[in-house]
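>>> Take this sequence and fold it.
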Amino acid sequence: MSLDVHTLFTVMLANVFAMSLAVPVVMGWRTSAAARCVLAGSVAQAAAWGCFLLARPVHDRLFSTLWIGLLGVSFVFMWRAVQGWLGPRPGWRVLLALAVLTPIGYGLGFGSYPFRVGWSNFGLAGLMLAVCLACACPAPQASRRWRGLVIVSLGLLAAITAARGVLGAFFTAQYPELRAPHVVNVAGALLNHVTLTLATIGLLAGWHEEAERALRHQADTDGLTGLLNRRAWQERADLAFANARRYGEALSVLMIDIDHFKRINDQGGHEAGDRALQLIGERLRASARHGDLVCRYGGEEFCVLLSHAGEAEAREVDKRLRAALAGALQSDAARPVGFSSGLAVLGRDDRQLDSLLRRADTALYTAKATGRGRLVVAAAPKVLERTT
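Just a heads-up that it's a prediction; the model follows:
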């Protein structure tokens with residue numbers, strides 16, 4: 001059975017319209033900005049091919065130009081979705097220029113078939129390659145699988161689209177119209193159907209990865225302060241502790257507790273207490289060094305694991321945090337709000353993270369019991385002598 005371009009276009013149109021309905025149903029409208037770009041791109045694709053259907057019976061020049069323009073818009077939305085998931089991407093200005101100039105040139109040069117075919121196909125191929133480049137640039141946090149699927153599918157479509165442009169611009173007799181049965185045109189119609197489906201699947205996989213990342217973040221984060229919660233902190237801190245012991249690196253734990261927190265709640269209500277906790281969370285996040293682990297340990301208590309920090313470095317961190325937190329809290333409250341802290345430095349005889357935490361907590365209790373508003377450093381762990 002031979003494939004004809006008309007049948008392939010009919011199947012592709014049905015596929016595009018079906019995807020434009022299915023993608024919003026699968027993703028929903030209440031989703032991330034990047035995912036909404038995928039939805040918008042799907043709608044733009046459907047609208048583009050709707051204009052294609054209206055071109056001949058209604059107004060060829062107008063609706064054909066809209067067809068090319070909306071196809072370009074769909075690739076712009078794809079690029080924005082990729083950027084939303086992977087971070088800053090190169091090529092935005094080139095992409096925008098192609099999206100604007102391709103339909104304008106097509107409309108202005110509509111009277112010349114070789115020009116409009118070559119111009120539009122080269123422009124669309126450039127837009128597809130821009131999306132491929134956005135996926136190909138480094139993004140360690142994202143899976144290579146869905147990015148590779150988008151690159152392969154749109155890369156193949158860009159190649160066949162450029163070939164169509166060459167055929168229409170320079171070998172017009174072999175490609176006198178969109179439905180011409182040339183092997184390149186038949187391959188292009190077939191690839192349009194397959195690759196757009198694969199690219200959509202790839203983008204849906206990217207959205208799924210984003211959703212999983214958001215769920216993990218939600219599971220690991222304290223809802224009020226935005227810091228790590230105790231469980232997530234413990235998992236990361238156990239690994240940091242093990243590495244510090246294995247390689248003989250310095251490590252410290254700083255426990256922080258807001259002084260007279262009950263009084264803050266009693267006098268200002270729970271909103272005042274929540275605001276105090278949020279301010280401490282903000283300042284801890286801003287003041288912590290790269291690689292330090294900060295969490296809300298429970299209630300009004302916070303914990304910081306300081307990597308590559310002995311007592312002197314940890315004291316300096318405590319001093320800096322104390323100034324930043326005190327300043328922030330005093331500017332937001334009618335009266336000063338202080339905190340106490342306990343510091344424990346990893347010793348040779350600390351076999352588990354729990355022993356370091358217990359010593360830091362004991363030092364914190366001492367700071368609270370001896371006047372508050374101070375740092376107390378825990379004594380080194382005692383070595384138990386063996387008895388025979």
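
>>> contacts, neighbours, all on C-alpha from now
Fine.

>>> which residues of the protein score low on pLDDT?
Scanning the chain with the threshold set as pLDDT under 70 gives 1-6, 8-9, 325-337, 381-388.

>>> could you point out the longest helix in this structure?
In the chain, with assignment by DSSP state H, the single longest helix is helix 183-220.

>>> now stretch 11-18: how far from the chain's centre is it?
30 Å (C-alpha atoms, centre = their mean, to the nearest Å).

>>> Which positions in it come out as buried?
Met12, Leu13, Asn15, Val16, Phe17 (16 or more other C-alpha atoms under 10 Å).

>>> if I look at the residue lying closest to the second one once chain neighbours are set aside, how far off is Ser64?
This points to Leu13. Nearest non-adjacent residue to Leu13, counting by C-alpha to C-alpha, 6 or more residues apart in numbering: Trp49, 6.7 Å away. Trp49 sits 9 Å away from Ser64, going by C-alpha to C-alpha, to the nearest Å.

>>> same question, Glu209
In terms of C-alpha to C-alpha, Glu209 sits 36 Å off from Ser64.

>>> which of those two has more neighbours?
Taking neighbours as other C-alpha atoms under 10 Å, Glu209 and Ser64 compare with Ser64 leading, 23 against 17.

>>> Contact partners for that one?
By C-alpha atoms under 8 Å, 6 or more residues apart in numbering, the residues touching Ser64 are Cys51, Phe52, Ala55.

>>> got TSV for the residues you listed, with secondary structure, distance to Val317 and neighbour count too?
What follows is these, written out as TSV (DSSP: H, G, I helix; E, B strand; the rest coil; distance: C-alpha to C-alpha, whole Å; neighbours: other C-alpha atoms under 10 Å):
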residue	secondary structure	distance to Val317	neighbour count
Cys51	helix	63	22
Phe52	helix	64	19
Ala55	helix	68	18
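
>>> Closest to Leu254 out of these?
Cys51 (64.1 Å; C-alpha to C-alpha).

>>> Just to check, that closest one is in contact with Phe63?
Yes - at 5.2 Å, Cys51 and Phe63 qualify as touching, with contact defined as C-alpha atoms under 8 Å.

>>> Which helix or strand contains the residue sitting nearest the centre point of the chain?
Closest residue to the average C-alpha location of the chain: Trp85 at 3.9 Å, with C-alpha atoms, centre = their mean. Secondary structure from DSSP states H and E places Trp85 in helix 60-86.
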